[in-house]
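Enquirer: One predicted model, sequence on top.
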Amino acid sequence: EPPSGTRDFFPEQIRLQKAAAKAAHQAAAGAAKPGQKQTSGHTVAEHVEVGRAIETEPPSGTRDFFPEQMRLQNWLFGHFRATARRFAFQEYDAPVLESEELYKRKGGEEITEQMYNFVDKDGKNVTLRPEMTPSLARMILSLGGKVLLPVKWFSLPQCWRFETVQRGRKREHYQWNMDIIGEKSVAAEIELLAAVVDFFRGIGITAADVGLKVNSRRVLSAILTKFGIAPDQFPFVCVIVDKLDKIGADAVVELLLGQGVAEAAGRQIVASLSLKSVDELKLLMGDTDDGGAVDELVTIFEMAEAYGFADWILFDASVVRGLAYYTGIVFEGFDRRGELRAICGGGRYDKLLSLYGSPEVVPACGFGFGDCVVIELLKERGLLPTLEPEVDFVVAPYNAELRAACAKVAALLRGAGFAVDVLLEPAKKVKKAFEYADRVRGDRVFFVAPDEWASGKVRMKDLRSGSADDKEVDLPLDGLIAALAEMGITSSAK
């Protein structure tokens, strides 16, 4: 169960939430009525005690999202969701507050030292979630076998880790997660890799910009066994060798020595991580029993050809991933220019649900894709979109007496699904209404003036067409939406 007073959102709840929001929006639009006549406002002078100036920057490693940043985030999330929809994944969510014990696994993972954890007022040890996968595992277990496997779920959670702030890495970030629970074959990993490539292509990133390194924890396990590493040392060794790119070979060997690994074995392990092809891997493995792990890698590369993304992936024995729960195929997206940290990563974690009490092994795999680093990538490639506010109409009253009429026009347009802004201060001068509409990036202006209103009409001007036909036009209030449709002006709202 989630922490007391919080909720999980399974796919059906997400669908209900979206349906309820849509119904409420439609009901509000349908029930909108013209406001009553308002009198002019006035200013009352009063004494205000000025307090001490506050710090206006957010806490280190966190971000404010002003409207322009929210437009970019919504654009990015839209691409995440569109890819998930194309691959038939269902959305879910969970509380940002989780039980601390969910993340305290064996293996010496850095994540346990990076949690924003505390004791709540009920005396419970809780934390802001540092990652989503354990929450997903908890939710699957909570269903108690009531869900038919496999399931394909995705989420866009905010995650928190107290770590060093650097380019593309903050202490809070949003992460696109896609997971397949209940499928033991590498067909699941291939679908996930295909989804990653599909997303990149959708935002203009090519195989020349990003690659996907693929390896197998089972292959690594066989290699470590070959060099005398005991099974109980394996999780710790994986966490250590994952640091190879960050700290270098000598430092990795030193850390392995600290885990009781002989220096010669440590050097051999590091050397084996330099393999860059499956053929080299086969030579190293020889007759070593890898449980079919090499064959899985071969299958992935063969299927990548069929899916059409073979130019995106490559074998790299140094890819381990730092989380101890991975058990099979692992992969990592990287910037081919080498300027950015890992862009995304994931793999198979067949034993995680057993770690949380499942009496049966439940096969699972998935990936996480942070929002910060992909934005940096788009900046580097000059691919950030220019996103303006989407305002279909600005409705401007000529004077205070026409505010109710203005409200009627706005309600009519909003009821048809248009995005409508209302000029709150009357504008006797048309220029003022046009200037405001231009500032908020409105496409068209409806000017509610006495003469036109008396004859049952409103005046519209198109501010964006730039054509010879953009002059002002008077349209009848009765049948306004139909008149707009005849001009080819319809709402894009769904």
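Expert: Received it, and whenever you're ready, just let me know what you need. Numbering: from 1, shown residues only.

Enquirer: Now do the contacts for the nearest residue to residue 14 once chain neighbours are set aside.
Expert: Computed as Cβ to Cβ, 6 or more residues apart in numbering, the closest residue to residue 14 that is not its neighbour in sequence is residue 91, at 4.7 Å. The C-beta positions use only the backbone N, C-alpha and C, and glycine is treated the same way. If you count contacts by Cβ atoms under 8 Å, 6 or more residues apart in numbering, residue 91 has them with 11, 14, 81, 84, 153-156.

Enquirer: Now, those that are in strands?
Expert: Counting by DSSP state E, these place 153-155 in strands.

Enquirer: hang on, the earlier thing: for the residue nearest to residue 14, report the pLDDT, please.
Expert: pLDDT recorded at residue 91 is 98.

Enquirer: got a list of what residue 196 touches?
Expert: 212, 333, 344, 367, 369.

Enquirer: Looking at those, spot the one nearest residue 175.
Expert: Of all those, residue 175 sits closest to residue 369, with 6.4 Å by Cβ to Cβ.

Enquirer: how much space between the closest one and residue 353?
Expert: Between residue 369 and residue 353 the computed distance is 22 Å (Cβ to Cβ, to the nearest Å).

Enquirer: what does residue 347 give?
Expert: Per Cβ to Cβ, residue 347 is found 15 Å from residue 353.

Enquirer: Give me the local confidence score for the closest residue to residue 418 other than its chain neighbours.
Expert: Among residues not flanking residue 418 along the chain, residue 392 sits closest, at 4.2 Å (Cβ to Cβ, 6+ apart). On pLDDT, residue 392 comes in at 96.

Enquirer: Pretty sure residue 392 sits against residue 416.
Expert: No - the pair residue 392 / residue 416 is not scored as a contact, 9.6 Å apart, by Cβ atoms under 8 Å.

Enquirer: So the two - more neighbours on which side?
Expert: Set residue 392 next to residue 416 and count neighbours by other Cβ atoms under 10 Å: residue 392 wins out with 21 against 18.

Enquirer: OK, contacts around the more buried one?
Expert: Going by Cβ under 8 Å, 6+ apart, residue 392 touches 413, 418-420, 442-444, 491.

Enquirer: Turn those residues into CSV, including pLDDT, distance to residue 282 and secondary structure.
Expert: Below are those laid out as CSV (pLDDT from 0 to 100; distance: Cβ to Cβ, whole Å; DSSP: H, G, I helix; E, B strand; the rest coil):
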residue, pLDDT, distance to residue 282, secondary structure
413, 97, 67, helix
418, 97, 62, coil
419, 96, 59, coil
420, 97, 65, strand
442, 93, 64, strand
443, 93, 61, strand
444, 94, 66, strand
491, 89, 59, coil
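
Enquirer: What's the ChimeraX line that selects buried ones from those residues?
Expert: The buried residues among the contacts of residue 392 can be selected in ChimeraX (16 or more other Cβ atoms under 10 Å) with this line:
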select :413,418,419,420,442,443,444,491
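
Enquirer: what comes up buried for the helix or strand residue 193 falls within?
Expert: Assigned by DSSP states H and E, residue 193 belongs to helix 187-202. Going by neighbour count (16+ other Cβ under 10 Å), the buried part of helix 187-202 is 188-200.
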